[in-house]
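Asker: here is the input, now give the coordinates:
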Amino acid sequence: MAKRLNEAGLADLPASVRRPDYDRSRIATGIVHLGVGAFHRAHQAVYTDDVLSRDPRWGIVAASLRSSDTSDALEPQDGLYTLSVRSSAGEALRVIGSISRIIVAPQALEDLLGIMADANTRIVSLTVTEKGYCHDPATGALNEGHPDIVHDLANPQRPKSAPGLIVEALRRRRSAGVPPFTVLTCDNLPSNGRTVKRVLARYAECIDPDLGRWVESDVACPSTMVDRIVPATTDEDRARISERLGATDAWPVVTEPFTQWVIEDNFPQGRPAWEEAGAEFVADVEPYEHMKLRLLNGSHSTLAYLGYLAGYETVAEAMADPAYERLIQGLMDEEVTPTLHMPPGADLTSYKRALIERFKNPALKHRTWQIAMDGSQKLPQRLLGTVRDRLRANASIHRLALGVAAWMRYVTGINETGVPIDVRDPMASHLRILADRADDSPERLASELFAVREIFGDDLPADPRFTRTVTAALSRLYANGAKRTVAEFPSTTD
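Answerer: Model prediction:
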């Protein structure tokens, strides 16, 4: 198909395809987004697209911090791409136009920093995944030994990392007398606004103590909770969507109907009216963040490791197994829900019911392998925080421990049939060394991995209630395999 999706061809798209209802030539840049991946394009960019017809000041310039893949795909399309919303009822297509430009940071660093330092840019948002913050997941503090941070502290005007980019742009604004932009993190970090403020302030302090104090006192970092399932786009998705468009879209995004965005309303330089697109502004995001991290993300990670080990390629396939659905329902009801403290009116029962249905959506091919990535960064937020709360309450952690044990089995890099696993994790090589040292002994493997302080901290390895329960679960996985272990798991553990 020779014709490419682009601005000139919007009028030729089928009537069933929704397209921007505003003049893109009138859009100004108000937001710089770092980490232009599929999730941003299926979530924040869509909320922004919804409000640009009423307020054109909030167009997005997006930046890839490493690869040029997204830029290469979307630049010939004038930044346009298709959002595919899939459910058992069918597929709805919509072209999103809120991203006016994509910059590849290593190729145009000064250009990117110049836009971030410009007074018209009032928000810098991020979806760089947990590992992109160069922090210690166990403590939330800046990892000052991270290679990118070491580089950036030595070369602060030529940064590689997200913290380095943000602080250099803030430094330039401060020098020019321009008020700081708001830093809006949309990643799954505990208390994500406070975490990113801590990381940025410490990094800035390492460069200049006065700059660090200014970042701490003057830069707004509202917390957020984001929720939408966005699988990786496949070649089949590209072919199907391009056929329906009658034009080639090199990188559409596929998602589910459900979407949620809860935001702390702290934007000193202004913000889009995202509430008109369905976002919810609240005084305290933390209860919603815990709800999502522990119920959705914790369940997702548990499903990913146990499902992958059992040979289930997607979450929907794993959830079609009644034993897996029973395990996840029990995890939510018995071990996670008692740790949540929601504001009046929050309906956890309905949220959990919706989660089960979302996980079972056969139209979403959300691969267990994709969710399993970067587990060393995800476990502290998704499972271990809940574990700590349960242990403080002297309550059972058997399902949580099984999820942790499944991660341990997964990161050995060899599956249950002896086939290598492509483990994608910033600590993959170190974890593999520890696994090799254990020599297929679940007891030794658990002991070696408990010693990884960046994941488990100092407290959990010292608590026999945690170590014994995880080690026992890991031994069952080695002896019986994931599928049988889940099948034989008791329906209640309290």
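
Asker: for Arg244, what are its contacts?
Answerer: Contacts for Arg244 (CB atoms under 8 Å, 6 or more residues apart in numbering) come out as 14, 17, 91, 93. Where C-beta positions appear, they are placed from N, C-alpha and C, glycine not excepted.

Asker: ranking the residues you listed by neighbours, who comes first?
Answerer: The residue in these with the most neighbours, by other CB atoms under 10 Å, is Leu93 (21 neighbours).

Asker: look at Ser125 and give its secondary structure.
Answerer: Three-state call for Ser125 (DSSP: H, G, I helix; E, B strand; the rest coil): strand.

Asker: partners of it in the sheet?
Answerer: Counting by DSSP bridges, Ser125 is bridged to His33, Leu184.

Asker: returning to that earlier point: just curious, which of the contacts of Arg244 is nearest to Glu216?
Answerer: Nearest to Glu216, judged by CB to CB, of those is Leu93 at 44.9 Å.

Asker: per-residue pLDDT, the closest residue to Val336 other than its chain neighbours?
Answerer: Of all residues not flanking Val336 in the chain, Arg294 sits nearest, at 4.7 Å (CB to CB, 6 or more residues apart in numbering). pLDDT recorded at Arg294 is 96.

Asker: also Leu391?
Answerer: 98.

Asker: any idea how far it lies from Ser447?
Answerer: 19 Å (CB to CB, to the nearest Å).

Asker: same question, Glu280
Answerer: 44 Å.

Asker: same check, this time on Thr492
Answerer: Thr492 is 29 Å from Ser447, by CB to CB.

Asker: higher neighbour count, the two?
Answerer: Taking other CB under 10 Å, Thr492 and Ser447 do not tie; Ser447 has more neighbours (16 against 9).

Asker: so what's that one up against?
Answerer: Ser447 makes contact with 438, 471 under the criterion CB under 8 Å, 6+ apart.

Asker: buried set for the helix or strand containing it?
Answerer: Ser447 is part of helix 442-450 when elements are defined by DSSP states H and E. The neighbour-count check on helix 442-450 (16 or more other CB atoms under 10 Å) flags 442, 445-450 as buried.

Asker: burial measure for Pro344, as a count.
Answerer: Residues near Pro344, counting by other CB under 10 Å: 4.

Asker: I meant Pro209, not that one.
Answerer: With other CB under 10 Å as criterion, Pro209 counts 10.

Asker: any idea how far it lies from Glu216?
Answerer: 11 Å.

Asker: what do you get for Lys3?
Answerer: 52 Å.

Asker: so the residue nearest to Val336: helix, strand or coil?
Answerer: Assignment for Arg294 (three-state DSSP): helix.

Asker: that one contacts Arg388, doesn't it?
Answerer: No: between Arg294 and Arg388 there is no contact under CB atoms under 8 Å: 11.5 Å.

Asker: looking at those two, which one has more neighbours?
Answerer: Arg294 (24 against 18).

Asker: how about the contacts made by the more buried one?
Answerer: Arg294 touches 336, 339-340, 382, 385-386, counting by CB under 8 Å, 6+ apart.

Asker: out of those, which sit inside helices?
Answerer: Among the contacts of Arg294, the members falling in helices (DSSP state H) are 385-386.

Asker: could you find which two of the contacts of Arg294 are furthest from each other?
Answerer: Between all members of the contacts of Arg294, the farthest pair (by CB to CB) comes out as Leu340 and Arg382, at 14.0 Å.

Asker: look at the two and report which has more neighbours.
Answerer: Arg382 (25 against 17).

Asker: residue contacts, that one?
Answerer: 188, 293-294, 297-298, 300-301.

Asker: out of those, which is most surrounded?
Answerer: Gly298 (28 neighbours).

Asker: would you confirm that that one contacts Val336?
Answerer: Yes: using CB under 8 Å, Gly298 makes contact with Val336 at a distance of 6.3 Å.

Asker: what residues do these two have in common as contacts?
Answerer: Joint contacts of Gly298 and Val336 (CB under 8 Å, 6+ apart) are Thr386.

Asker: test my guess that Ile229 contacts Glu256.
Answerer: Yes: counting by CB under 8 Å, Glu256 is a contact partner of Ile229 at 5.0 Å.

Asker: find residues that contact each of the two.
Answerer: By CB under 8 Å, 6+ apart, the residues touching both Ile229 and Glu256 are 358, 361, 364.

Asker: pull the residues that contact whichever strand or helix holds Arg353.
Answerer: Using DSSP H and E, Arg353 sits in helix 348-359. Contacts to helix 348-359, defined as CB under 8 Å, 6+ apart, come from residues 229, 256, 258, 291, 295-296, 299-300, 303, 315-316, 319, 325, 328-329, 332-333, 337, 340, 342, 364.

Asker: try stretch 332-345
Answerer: 284, 287-288, 290-291, 294-295, 298-299, 348, 352, 355, 386, 389-390, 393, 395-400, 492-494.

Asker: so for it, what gets flagged as buried?
Answerer: For stretch 332-345, by 16+ other CB under 10 Å, it's 332-337, 339-340.

Asker: just the terminal-to-terminal distance for it.
Answerer: One end of stretch 332-345 sits 19 Å from the other (CA to CA, to the nearest Å).

Asker: offset the numbering so it begins at 17, please.
Answerer: Happy to do that; since the first residue is 17 now, the last one works out to stretch 348-361.

Asker: quick check: mean pLDDT of that stretch?
Answerer: Mean predicted lDDT for stretch 348-361 stands at 94.

Asker: if you count contacts, what does the helix or strand hosting Arg500 end up packed against?
Answerer: Arg500 is located in helix 498-503, with elements delineated by DSSP H and E. In terms of contacts (3 or more CB pairs under 8 Å, 6 or more residues apart in numbering; DSSP states H and E), helix 498-503 is packed against helix 314-325, helix 338-346, helix 414-426, helix 480-496.

Asker: quick one: low-confidence parts of the stretch 217-366 of the chain?
Answerer: Across the stretch 217-366 of the chain, not a single residue meets the criterion (pLDDT under 70).

Asker: circling back: make a ChimeraX selection of the buried ones in the contacts of stretch 348-361.
Answerer: Buried residues among those (16+ other CB under 10 Å), as a ChimeraX selection:
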select :303,304,306,307,310,311,314,315,368,371,402,405,406,412,413,414,415,416
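
Asker: how many residues are close by the residue nearest to Arg210 when sequence neighbours are not counted?
Answerer: In space, and not counting its chain neighbours, Arg210 is closest to Ser239: 6.7 Å by CB to CB, 6+ apart. Residues contacting Ser239 under the criterion other CB under 10 Å number 25.

Asker: need the phi and psi values for Ser239.
Answerer: phi -80, psi 150 (degrees, to the nearest 10).

Asker: surely it and Pro303 touch.
Answerer: No: using CB under 8 Å, Ser239 is not in contact with Pro303; the gap is 10.9 Å.

Asker: just confirm Asp281 contacts Asp300, I think it does.
Answerer: No: assessed by CB under 8 Å, Asp281 is found out of contact with Asp300, at 10.6 Å.

Asker: distance check, Leu450 against Met389.
Answerer: Counting by CB to CB, the gap from Leu450 to Met389 is 19 Å.

Asker: cool, Ala170 as well?
Answerer: Taking CB to CB, one finds Ala170 at 29 Å from Met389.

Asker: neighbour count: the two, which is higher?
Answerer: Set Ala170 next to Met389 and count neighbours by other CB under 10 Å: Met389 wins out with 18 against 8.
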